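S.K.: Predicted coordinates and the sequence they were generated for:
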Amino acid sequence: MNCFCFPGAKTSLLGGATENVSPPVFGFSARLKLSNGTADTTEIDMLCGGVIVEAKLTEVSFTTKPEAHIRRYADFDAHFDVNALPREGELIGGYQLIRNVLAAAQHNVKLVVLLDSRRPDLLQEWWRVHSSIRELPLRMRCGFRTWQEVAAESSQDLRNFLQEKYGL
């Protein structure tokens, strides 16, 4: 995520003028509402302006959790069709994505999932979660970009960094 500290990197991620966008906040505390009236300790990878970012580059998956764990979130059923989510028995896939969508809903911001185009498995998992979002306006605020797209639109210094470090 440190690549978003490069000059101009926010523009390639957010796709437009970003001169008035505050600096990125890494490890943003979303404080998602839980059914028991408290909030969880979820950290979002990055908040930049009105966009939260879930970035996957070297991690293996979006993790799985038991359905009971995911149902702790106060607005889960309002925002998701549980039967459309990826699952294996009681384990639901895309847990990090689900939390990020809930954060986008709660904070009324956009969500960008940043994926490596060499990982179609992660893209497929994202589309399973994305298609389970109940409300069209929320679904429309949630999208994805590839690291390759961000690299292609970035400064030469950032492209070189991403090529050297990650082979992008």
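M.R.: Ah, there it is.
S.K.: Helix or strand: which one has the residue nearest to the spatial centre of the chain?
M.R.: By CA atoms, centre = their mean, the chain has its centre lying nearest to Glu54, at 2.8 Å. Under the criterion of DSSP states H and E, Glu54 resides in strand 51-55.
S.K.: list the helices and strands that strand packs on?
M.R.: Under the contact criterion of 3 or more CB pairs under 8 Å, 6 or more residues apart in numbering; DSSP states H and E, strand 51-55 touches helix 9-14, strand 43-48, helix 95-107, strand 110-115. (Glycine included, C-beta is placed from N, CA and C.)
S.K.: ranges for the helices of this protein?
M.R.: Ranges of helices in the chain, per DSSP state H, are 9-14, 67-70, 76-79, 95-107, 120-131, 136-141, 147-152, 156-166.
S.K.: and among those helices, the most buried is which?
M.R.: A comparison of the helices of the chain by mean neighbour count, using mean count of other CB atoms under 10 Å, puts helix 95-107 on top with a mean of 23.
S.K.: any idea of the mean pLDDT in that one?
M.R.: For helix 95-107, the mean pLDDT works out to 96.
S.K.: Contacts for it, please.
M.R.: Helix 95-107 is contacted from outside by 30, 32-33, 42, 44, 52, 54, 62-65, 70, 73, 75-76, 79-80, 85, 92, 109-111, 113, 125-126, 129-130, 133, 138, 141-142, using CB atoms under 8 Å, 6 or more residues apart in numbering.
S.K.: one step back: so which of the helices of the chain is nearest Pro23?
M.R.: Set against Pro23 and scored by CB to CB, these come closest in helix 9-14, at 8.5 Å.
S.K.: got the contact list for stretch 136-146?
M.R.: Contact with stretch 136-146 is made by 13, 79, 101, 104-105, 109-117, 123, 126, 130, 133, as judged by CB under 8 Å, 6+ apart.
S.K.: whoops, stretch 32-43 was the one
M.R.: For stretch 32-43, the surrounding residues in contact (CB under 8 Å, 6+ apart) are 27-31, 71-75, 99, 102-103, 106.
S.K.: ChimeraX command to pick out the buried ones of those residues?
M.R.: Buried subset of the contacts of stretch 32-43, written as a ChimeraX selection, criterion 16 or more other CB atoms under 10 Å:
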select :28,30,73,74,99,102,103,106
